[in-house]
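> Dropping the sequence and predicted coords here.
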Amino acid sequence: MVDKYLNSLNAILKSSPDAITINDLNGKIIECSAASWKMLGFSSKEELIGKTVFDFVPSEYGEKVAEGMKDLLRTGTAHNKEYKIFRSDGTVLDVEVSSALVDSEDAETANFISITKDVSSRKRMEEALKESEKKYRTLFSHASEGIFMMTLDGKICIFNESFARMHGYDTPEEMEKLDLAELDAPETARLAPERLKRLADGEAMHFEVEHYRKNGEVFPLSVSCNVVDIEGVPHFLGFHRDITELKRAEEDKALLQMQLHQAQKMEAIGQLAGGIAHDFNNILAVIIGTADLVMNELDKAGKAFKHTERISRVAKRAKDLTMNLLTFARKEKLDIRSVSANDLIFELCELLKRSVSKKIIIRVERAESEPMLSVDMNQVLQALLNVCINACDAMEDNGLLTISGELVALNEKHCKKLQLAS
């Protein structure tokens, strides 16, 4: 019977793929399987016999192994204990050990049997999985785009920090009790059912939405979304990008395009006005020339001369006005001349008499000196005429408009008041 037992044991030790050792209570190896000495890097069984389990355990695991042996003596078994051990060449293995006491009437001769499995490959896969999960978590958490996954019933399962921040929340945890419907602005909420249906049918979609921030502000997002399978459960996976700045840039671009279009229209109007002004200028030249010829034939003291002179003066004024159009249309240079301030005031008054109500009295106070100005008289007259007409329009039926000329020296106070550089 004993021989049969020993033969069975030897057969197990030879054929087992796992490392099997029989140890005394001090951990000394007294018998082992072929897989044991091969696992530990020995050439034969004899090299392993007589060594203890502590010969193969790193120092930091010594206390853990000792505690495991105490548990074994107390309970009789120890299952799936994980350790690191050294092979004969110094390389390290991850192993899983299960042990049991062998019954013996004499406690001093009691032994325990251990089955050791090399789980290094499994550990490497677990570490690789942990590292992969860590990288995924890092990418997910620090992605610039807002990412969320939710079940097909609309419950948000997970979202990253960017998704929370773009919605005005400090952390994803603050949004755990929200669902997508609470984020959607009215138009987005109206379109959501159809989009979700198309996504659930397997269509990958790109679209724009409007969401509410935590403070109630509505902002636009660009969304890429499809359905992915996570542990057998289909989820919507969405990538969100805040396009507030992009929309603002598009609006600025549209405004610039509108301004360019307006500028092109003004350029076309200017070209048309320039053509009209050029033709009108030719007509005025005939009128002025004819009026001058007629005046040469008239008595200067007669009424006819005065009327003809007025025609000539008004025609010349009209010619100056056409120069405004030509300046606008063709960007012609200003006609800078030396002009008396009093002559300028006189010409302005003549124009006003024909432009404002007869009920408004125009009073002129000429400059005591005769200051000369280097100006484009046409441009200055146009500016002063606009100011005076605006003043008259602000008066009631009767009023007094005073035009005076005075030579002054502008000091720093005047410059600040007029917003001029001193």
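The structure has been received and is ready for your questions. Keep in mind that what you see is a predicted model, and the values were worked out from it rather than measured.
> Quick one: residues contacting A189.
Neighbouring residues of A189 by C-beta atoms under 8 Å, 6 or more residues apart in numbering: A181. All C-beta spots, glycine's among them, are computed from the backbone N, C-alpha and C.
> mind checking how far it is from G302?
Taking C-beta to C-beta, to the nearest Å as the criterion, A189 is separated from G302 by 88 Å.
> do the same with E412
56 Å.
> And for I147?
The gap separating I147 from G302 is 96 Å, by C-beta to C-beta.
> who has more neighbours, these two?
Between I147 and G302, counted using other C-beta atoms under 10 Å, the more crowded position is I147 (18 against 10).
> Figure out how far the longest strand seen in the chain is from the centre of its chain.
Counting by DSSP state E, the longest strand found in the chain is strand 218-230. Offset of strand 218-230 from its chain centre (C-alpha atoms, centre = their mean, to the nearest Å): 17 Å.
> by contact count, what packs against the first helix or strand past that strand going along the chain?
Using DSSP states H and E, the helix or strand that directly follows strand 218-230 along the chain is strand 233-242. Strand 233-242 is packed against strand 146-151, helix 161-166, helix 186-200, strand 218-230, with contacts defined by 3 or more C-beta pairs under 8 Å, 6 or more residues apart in numbering; DSSP states H and E.
> wait, what's in contact with the nearest residue to R363 once chain neighbours are set aside?
Spatial nearest neighbour of R363, excluding adjacent residues (C-beta to C-beta, 6 or more residues apart in numbering): T402 at 4.7 Å. Counting by C-beta under 8 Å, 6+ apart, T402 touches R363, V364, E365.
> hang on, the first one is in a strand, isn't it?
Meaning R363. Yes - counting by DSSP: H, G, I helix; E, B strand; the rest coil, R363 is found in a strand.
> count of neighbours near it?
Using other C-beta under 10 Å, the number of residues around R363 comes to 10.
> show me where pLDDT drops low in this structure?
Scanning the chain with the threshold set as pLDDT under 70 gives 1-11, 15, 103-109, 155-156, 270, 324-334, 414, 416-422.
> can you give me the helices in it?
For the chain, the helices defined by DSSP state H cover 2-15, 34-39, 45-48, 59-75, 120-142, 161-166, 180-183, 186-200, 244-297, 303-330, 341-353, 377-393, 412-417.
> now the ones you listed in TSV, with distance to R87?
Formatted as TSV, these follow (distance: least, C-beta to C-beta, whole Å):
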stretch	distance to R87
helix 2-15	20
helix 34-39	8
helix 45-48	11
helix 59-75	15
helix 120-142	10
helix 161-166	45
helix 180-183	55
helix 186-200	54
helix 244-297	60
helix 303-330	96
helix 341-353	110
helix 377-393	101
helix 412-417	92
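> nearest to N111, of those?
Counting by C-beta to C-beta, N111 lies closest to helix 59-75 out of the helices of the chain; the figure is 11.2 Å.
> and the closest one, what does it pack onto?
Applying 3+ C-beta pairs under 8 Å, 6+ apart, one finds that helix 59-75 contacts strand 77-86, strand 92-102.
> got the CA coordinates for it in PDB?
Extracted in PDB, the C-alpha atoms of helix 59-75 (Å, rounded to 0.1, in the frame of the first residue of the first chain):
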ATOM      1  CA  SER A  59      14.200  40.200   1.700                       C
ATOM      2  CA  GLU A  60      11.100  42.500   1.500                       C
ATOM      3  CA  TYR A  61       8.900  39.300   1.100                       C
ATOM      4  CA  GLY A  62      10.500  37.400   4.000                       C
ATOM      5  CA  GLU A  63       8.100  38.600   6.600                       C
ATOM      6  CA  LYS A  64       5.100  38.000   4.400                       C
ATOM      7  CA  VAL A  65       6.200  34.300   3.800                       C
ATOM      8  CA  ALA A  66       6.800  33.800   7.500                       C
ATOM      9  CA  GLU A  67       3.300  35.100   8.200                       C
ATOM     10  CA  GLY A  68       1.900  32.700   5.600                       C
ATOM     11  CA  MET A  69       3.600  29.800   7.200                       C
ATOM     12  CA  LYS A  70       2.100  30.700  10.600                       C
ATOM     13  CA  ASP A  71      -1.400  30.800   9.000                       C
ATOM     14  CA  LEU A  72      -0.700  27.400   7.500                       C
ATOM     15  CA  LEU A  73       0.200  25.900  10.900                       C
ATOM     16  CA  ARG A  74      -2.900  27.500  12.500                       C
ATOM     17  CA  THR A  75      -5.400  26.600   9.800                       C
END
